[in-house]
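Visitor: Let me see the structure of the following:
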Amino acid sequence: MHLKDRLLQAKNRFLFDPTYLWVAASLLWLAEVVVNVLVINKINYTEIDWEAYMDEVEGVVNGSYDYMQLKGGTGPLVYPAGFVYFYLILYYVTGYGANIRLAQYIFAGFYLINLLLVFRIYQRTMKCPPYVLIFMCCTSYRIHSIYVLRLFNDPVAMLFLYLAVNLFLDKKWAWGCFWFSIAVSIKMNVLLFAPGLLLLLLTELGFWSTIPRLVICALVQVVPAIPFLLENPKGYIVRSFDLGRQFFFKWTVNWRFLPEELFLNRYFQMTLLSLHVILLVLFTVFKWNRKTGSLKKLLQRPEKKEERKLSENDIVFTLFSSNFIGMCFSRSLHYQFYVWYFHTLHYLLWCTGLPTVLKILTLGVIELCWNTYPSTNQSSAALHVCHLVLLVGSWLSRLEEKKADISEEYTTSKDTKKKRKAKLT
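Guide: Here you go, the predicted structure:
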């Protein structure tokens, strides 16, 4: 084989062969170290919520455990107790919140750790060709901004979520539930993964073995909250788990094309919730629950001879699509919420049977929508179209194979190489 052919083969493998994804992941991760340092030093930090976070936890430092009294510049404290303890650590490490540059570097560290966890998920599932990671790392200004230029708590919650997913892949369900609940205690958006997680637990462990894992989740919520529950239990529950909280229309990314009166209408919000529940039921009955075949059987104790074990793709697809359904029917998506599903989009798209060009186009349009500020009627509508494309593609996807075949592009290039070799001989 000529050197040119060998180089072409190596290039094709590194770009298209999922088994070589770790090579692209390693190179991109090292590049991300440099990129984050440059972003921090070259682009101005924008204050949005960091000072409010510091004010909220400073209230606890000053001795107040009443959630009705804890507030910052942007309003009352509306996150569970895990948020308070985590940001208390950052409060002291950053000199009572004054050392913004240090906080930025800490969040750059969160970003890099998050990438490692995401890369490991993609390596385990073998669904995506390596070049997909280029889109994940090199095309999203918004994601880098959310981490190191805004210092939101959303990335912190997602960091623990991806840690939990990795533990689920290792079948360490108890530890996974622990870190999953830690993520929920930072921000409640992680509950969008909960329907899928519950189904996975019942499928893998059965009803009775699922109960101790749910107890772990509950204890992680209750124990850290004890000081606040003792002070004002109603205030803590109302503030930290306020599912009915209204969002400001001016920040919405996904419903800009609606009149503000309809956006704020309770019936509209209940309709979205109803559609969310209906889609979860449909996916549970017809898509996710393939291992047992019926909900009744799902609640029974698995027999020793019964093969009910979940593959890597069963776990990841169920969790990621559960979260994605919630995003599709969210009452409002704000710009920092992009991290709730950004690192899952590539996997979900490559689980579908959509043409590669359409997958890349969908990623590009979604990125454009989230980078349009302020959002417009067109950007919001385009985002919903992309969500619909991905939702339908996910419904039609097939996960029977444990690992994806080498992508269409790699197979094509491989055939071309064989034909060239045949001509030479």
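Visitor: Now whichever strand or helix holds Leu319 - C-alpha only, PDB.
Guide: Taking DSSP states H and E as the criterion, the element that holds Leu319 is helix 312-328. What follows is helix 312-328, C-alpha atoms only, in PDB (Å, rounded to 0.1, in the frame of the first residue of the first chain):
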ATOM      1  CA  GLU A 312     -25.000   1.400  26.900                       C
ATOM      2  CA  ASN A 313     -27.300   2.800  24.200                       C
ATOM      3  CA  ASP A 314     -30.400   1.800  26.100                       C
ATOM      4  CA  ILE A 315     -29.200   3.800  29.100                       C
ATOM      5  CA  VAL A 316     -28.000   6.900  27.300                       C
ATOM      6  CA  PHE A 317     -30.800   7.100  24.700                       C
ATOM      7  CA  THR A 318     -33.500   6.800  27.400                       C
ATOM      8  CA  LEU A 319     -31.900   9.500  29.600                       C
ATOM      9  CA  PHE A 320     -31.100  11.900  26.800                       C
ATOM     10  CA  SER A 321     -34.400  11.600  25.000                       C
ATOM     11  CA  SER A 322     -36.300  12.000  28.300                       C
ATOM     12  CA  ASN A 323     -34.600  15.300  28.900                       C
ATOM     13  CA  PHE A 324     -35.000  16.300  25.300                       C
ATOM     14  CA  ILE A 325     -38.800  15.800  25.400                       C
ATOM     15  CA  GLY A 326     -38.900  18.100  28.400                       C
ATOM     16  CA  MET A 327     -36.900  20.700  26.500                       C
ATOM     17  CA  CYS A 328     -39.400  20.500  23.600                       C
END
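Visitor: And the next helix or strand past that helix?
Guide: helix 342-351.
Visitor: what sits up against whichever helix or strand comes after that following helix?
Guide: The helix or strand immediately downstream of helix 342-351 is helix 356-370, counting by DSSP H and E. In this structure, residues lying in contact with helix 356-370 by Cβ atoms under 8 Å, 6 or more residues apart in numbering are 135, 139-140, 142, 253, 335, 338, 345-346, 349-350, 352, 354, 375, 379-380, 382-383, 385-386, 389-390, 407-409. The C-beta positions use only the backbone N, C-alpha and C, and glycine is treated the same way.
Visitor: Distance from the chain centre to the helix holding Leu319, please.
Guide: Taking Cα atoms, centre = their mean, to the nearest Å, one finds helix 312-328 lying 9 Å from the centre of the chain it belongs to.
Visitor: average model confidence for that helix?
Guide: Mean pLDDT, helix 312-328: 97.
Visitor: now stretch 203-218
Guide: In the prediction, stretch 203-218 has an average pLDDT of 95.
Visitor: pretty sure His384 contacts Asn254?
Guide: Yes. Counting by Cβ atoms under 8 Å, His384 does reach Asn254; the two are 6.7 Å apart.
Visitor: which of those two has more neighbours?
Guide: Counted by other Cβ atoms under 10 Å, His384 and Asn254 do not tie: Asn254 has more neighbours, with 24 against 15.
Visitor: Can you verify that one is assigned to a helix?
Guide: No. Applying DSSP: H, G, I helix; E, B strand; the rest coil, one finds Asn254 to be coil, outside a helix.
Visitor: I'd guessed it sits against Ser380; true?
Guide: Yes. At 5.5 Å, Asn254 counts as touching Ser380 under the criterion of Cβ under 8 Å.
Visitor: Could you list the low-confidence segments of the stretch 251-400 of the chain?
Guide: 291-308, 399-400 (pLDDT under 70).
Visitor: at 50 what do you get?
Guide: Low-confidence segments of the stretch 251-400 of the chain, defined by pLDDT under 50: 305.
Visitor: Check what pLDDT Asn7 gets.
Guide: Let me fix one detail, which is that residue 7 is Leu and not Asn. In this model, Leu7 carries a pLDDT of 73.
Visitor: quick one: it from Pro233, how far?
Guide: 67 Å (Cβ to Cβ, to the nearest Å).
Visitor: Now do the contacts for Ala194.
Guide: Taking Cβ under 8 Å, 6+ apart, one finds Ser322 in contact with Ala194.
Visitor: element containing it?
Guide: Ala194 belongs to helix 194-205 when assigned by DSSP H and E.
Visitor: got the angle for that helix vs helix 312-328?
Guide: Helix 194-205 runs at 160 degrees relative to helix 312-328, counting by axes from the mean of the first three to the mean of the last three Cα atoms, to 10 degrees.
Visitor: Can you tell me how far Ile134 is from Trp29?
Guide: 12 Å.
Visitor: Quick check: what element follows the helix holding Ala194 along the chain?
Guide: Assigned by DSSP H and E, the successor of helix 194-205 is helix 207-231.
Visitor: I'd like to know which elements that following helix is packed against.
Guide: In this structure, helix 207-231 packs against helix 81-93, helix 173-186, helix 194-205, helix 233-240, with contacts taken as 3 or more Cβ pairs under 8 Å, 6 or more residues apart in numbering; DSSP states H and E.
Visitor: ok, and for it, which residues are buried?
Guide: 210, 213, 216-217, 220-221, 224-225, 228-229 (16 or more other Cβ atoms under 10 Å).
Visitor: Would you map the helices across the stretch 1-150 of the chain?
Guide: For the stretch 1-150 of the chain, the helices defined by DSSP state H, counting those that start in this stretch occupy 3-16, 21-42, 50-61, 81-93, 100-125, 132-138, 141-144.
Visitor: Out of the ones you listed, the one nearest Phe324 is which?
Guide: Nearest of the helices of the stretch 1-150 of the chain to Phe324, taken as Cβ to Cβ: helix 100-125 at 14.9 Å.
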